[in-house]
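**Q** got a predicted structure here, sequence first:
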Amino acid sequence: METQISKDEPQRTPANEPQIPHNTRTLPKFTTVPTETCDDVTLYRSPQYPISGIVDCHNHTRHFSLDGRYKLVDLREEGRALGLKGIAITEHIDKGLIDGIYLPGNKNLYSQPLYGEWYFDIYTYIRFIREMRAKYNRPEFLAAGEDPDAPPPYPELLFGLELGYTSDLAVEYDELITRFSSQLDVVIGSIHCVDNVDIYSERSAYEKGKSFIFGRYLELIIEMLEKQQKFDIVGHYDYVARYSFYEDKRFLYSEFSDLFDHMFRLMIEQNKCLEINTRSYYQMSRRNNYFVYPDPEVLIRYYEMGGRRICFSSDAHSPGEIGLGAQFIIRLIRACGFENLTWYKQRKERFTSITDVPPLTEVPRWGSFSL
């Protein structure tokens, strides 16, 4: 059910939020079960907890993202089968990123992309958005029929951008979003490069060790929050763990508490939304037989400090990935105290209640497993 948080409700901010000592905080109580008993279906596609009525806030297609494999029509059909309320298409903009290296210098966001550049012609995309909205977001497609046996309505298609932050393009990105904001539903601010190196494709980015690269990643999110303002969602805070080769891939609050607190403080002050991106978790479990999920302490601390904007994203790129991980993650979010999921339409936040979702009580064991 879509809800709005009352404007009359006192807003908790870092200034008036009571400081809760870490050692007195109450964390969700989970029973840990052997990961071997949890196959891909029970982890990510449990029919016991349907995901109808929610919005998947971060997805890519083959039409504009270099790594996208989805056709928009297929993404829409899969979303309908799952009963999703909406799907946000957030295509990559990483100006200057070519073959794993960020090449600074060209700040013209309206120039034609180079071969292999993680970028596209923005005017072509805006025309695409207009055409797809007119074609697919007609009222008769989005409304539920009276026949209870009829197929579910189609999800509303929402359109936006995922901006890959670099310090020398912060001003240009803000100007771009200001110019096209009326045409967009949502903008995600993400870190894909650490010190000009693409951490998706370049193993060298991880050679200084887990503590350095994970901490540096949070520092860059903080820098993005300080220098770039025109976005709604902080994308995949744990992206750096996804492609790491460390034996222990967990991104724990206890190891980076000061940086997490700094990041949360800025997010809350700026009304930014925290994205829980399941691509990290389902990719690591599928490809590496390593099950990991967000550290509950990260979510709890964000909630304690006053954070209420939190969204679900599957970050789907290929068929079969839309909505993946929603059942598990939304129940985890609920267990950490949150009552609503946030999503965006026309750059305005909306809220969907999850109070009827049973909180997670049983979790698979972190770490390696074999299926």
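**A** Received it, and whenever you're ready, just let me know what you need.
**Q** which stretches of the stretch 251-371 of the chain form strands?
**A** With DSSP state E, counting those that start in this stretch applied, the stretch 251-371 of the chain shows strands at 273-277, 290-291, 310-313, 340-345, 348-353, 362-364, 367-368, listed in chain order.
**Q** got these as CSV, with mean pLDDT, mean neighbour count and distance to residue 98 columns?
**A** In short, each C-beta sits where N, CA and C put it, glycine included. Supplementary listing: the strands of the stretch 251-371 of the chain in CSV, determined by pLDDT from 0 to 100; neighbours: other CB atoms under 10 Å; distance: least, CB to CB, whole Å:
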stretch, mean pLDDT, mean neighbour count, distance to residue 98
strand 273-277, 98, 25, 24
strand 290-291, 66, 20, 30
strand 310-313, 98, 25, 26
strand 340-345, 98, 22, 30
strand 348-353, 97, 15, 34
strand 362-364, 69, 17, 39
strand 367-368, 58, 13, 35
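**Q** residue 91: which of the ones you listed is closest?
**A** strand 310-313 (13.9 Å; CB to CB).
**Q** and the helices in the protein?
**A** For the chain, the helices defined by DSSP state H cover 40-44, 72-82, 122-136, 139-142, 170-180, 210-227, 239-242, 257-269, 279-288, 296-304, 326-335.
**Q** out of the ones you listed, which gets nearest to residue 198?
**A** helix 239-242 (11.2 Å).
**Q** packing partners of that closest one?
**A** helix 210-227, helix 279-288 (3 or more CB pairs under 8 Å, 6 or more residues apart in numbering; DSSP states H and E).
**Q** in the last one, what's buried?
**A** Read that as helix 279-288. 279, 280, 281, 282, 283, 284, 285 (16 or more other CB atoms under 10 Å).
**Q** out of those, which is nearest to residue 126?
**A** residue 279 (26.1 Å).
**Q** quick one on the thing from earlier: let's have the strands of the stretch 251-371 of the chain in a markdown table, adding distance to residue 96.
**A** Converted to a markdown table, these look like this (distance: least, CB to CB, whole Å):
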| stretch | distance to residue 96 |
| --- | --- |
| strand 273-277 | 23 |
| strand 290-291 | 32 |
| strand 310-313 | 24 |
| strand 340-345 | 26 |
| strand 348-353 | 30 |
| strand 362-364 | 39 |
| strand 367-368 | 37 |
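**Q** out of those, nearest to residue 133?
**A** Per CB to CB, nearest to residue 133 of these: strand 340-345, 11.4 Å.
**Q** what residues are up against residue 69?
**A** If a contact means CB atoms under 8 Å, 6 or more residues apart in numbering, then residue 69 has 62, 317, 318, 319 as its contacts.
**Q** nearest spatial neighbour of the third one, chain-adjacent residues omitted?
**A** In this case it means residue 318. Nearest residue to residue 318, sequence neighbours excluded (CB to CB, 6 or more residues apart in numbering): residue 69, at 4.0 Å.
**Q** model confidence for residue 53, exactly?
**A** We have a pLDDT of 89 for residue 53.
**Q** how close does it sit to residue 191?
**A** 31 Å (CB to CB, to the nearest Å).
**Q** same question, residue 88
**A** When distance is defined by CB to CB, residue 88 is 19 Å away from residue 191.
**Q** returning to what we had before: list phi and psi for the residue nearest to residue 318.
**A** Per-residue torsions, residue 69: phi -120, psi -10 (degrees, to the nearest 10).
**Q** let's see the pLDDT reported for it.
**A** pLDDT recorded at residue 69 is 94.
**Q** please renumber the chain so that the first residue is 5 from this point on.
**A** Sure, I'll start counting at 5 from here, so that last one is residue 73.
**Q** if I look at it, how far off is residue 124?
**A** Distance from residue 73 to residue 124, by CB to CB: 16 Å.
**Q** and what of residue 155?
**A** Taking CB to CB, one finds residue 155 at 33 Å from residue 124.
**Q** who has more neighbours, the two?
**A** Taking other CB atoms under 10 Å, residue 155 and residue 124 do not tie; residue 124 has more neighbours (18 against 11).
**Q** my guess is that one contacts residue 115. True?
**A** No: using CB atoms under 8 Å, residue 124 makes no contact with residue 115, being 11.4 Å away.
**Q** for residue 256, find the nearest of the strands of the stretch 255-375 of the chain.
**A** Of the strands of the stretch 255-375 of the chain, nearest to residue 256 by CB to CB is strand 371-372, at 13.2 Å.
**Q** ok, back up a step: give me the more crowded residue out of residue 57 and residue 195.
**A** Counted by other CB under 10 Å, residue 57 and residue 195 do not tie: residue 195 has more neighbours, with 23 against 17.
**Q** if we can go back for a sec, just among the contacts of residue 73, which is most surrounded?
**A** That'd be residue 321 among the contacts of residue 73, by other CB under 10 Å, with 18 neighbours.
**Q** contacts only, for that one.
**A** Counting by CB under 8 Å, 6+ apart, residue 321 makes contact with 63, 64, 69, 71, 72, 73, 74, 283.
**Q** just the buried ones from those, in ChimeraX syntax?
**A** Selection of buried members from those for ChimeraX, criterion 16+ other CB under 10 Å:
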select :63,64,69,72,74,283
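**Q** turn the contacts of residue 321 into a markdown table, including distance to residue 254.
**A** Putting those into a markdown table (distance: CB to CB, whole Å) gives the following:
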| residue | distance to residue 254 |
| --- | --- |
| 63 | 26 |
| 64 | 26 |
| 69 | 28 |
| 71 | 25 |
| 72 | 29 |
| 73 | 29 |
| 74 | 30 |
| 283 | 17 |
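**Q** wait, which of the contacts of residue 321 is closest to residue 160?
**A** Closest to residue 160 out of those is residue 63 (13.0 Å), distances taken as CB to CB.
**Q** contact partners for that closest one?
**A** Taking CB under 8 Å, 6+ apart, we find residue 63 in contact with 74, 79, 91, 92, 93, 94, 317, 318, 319, 320, 321, 326.
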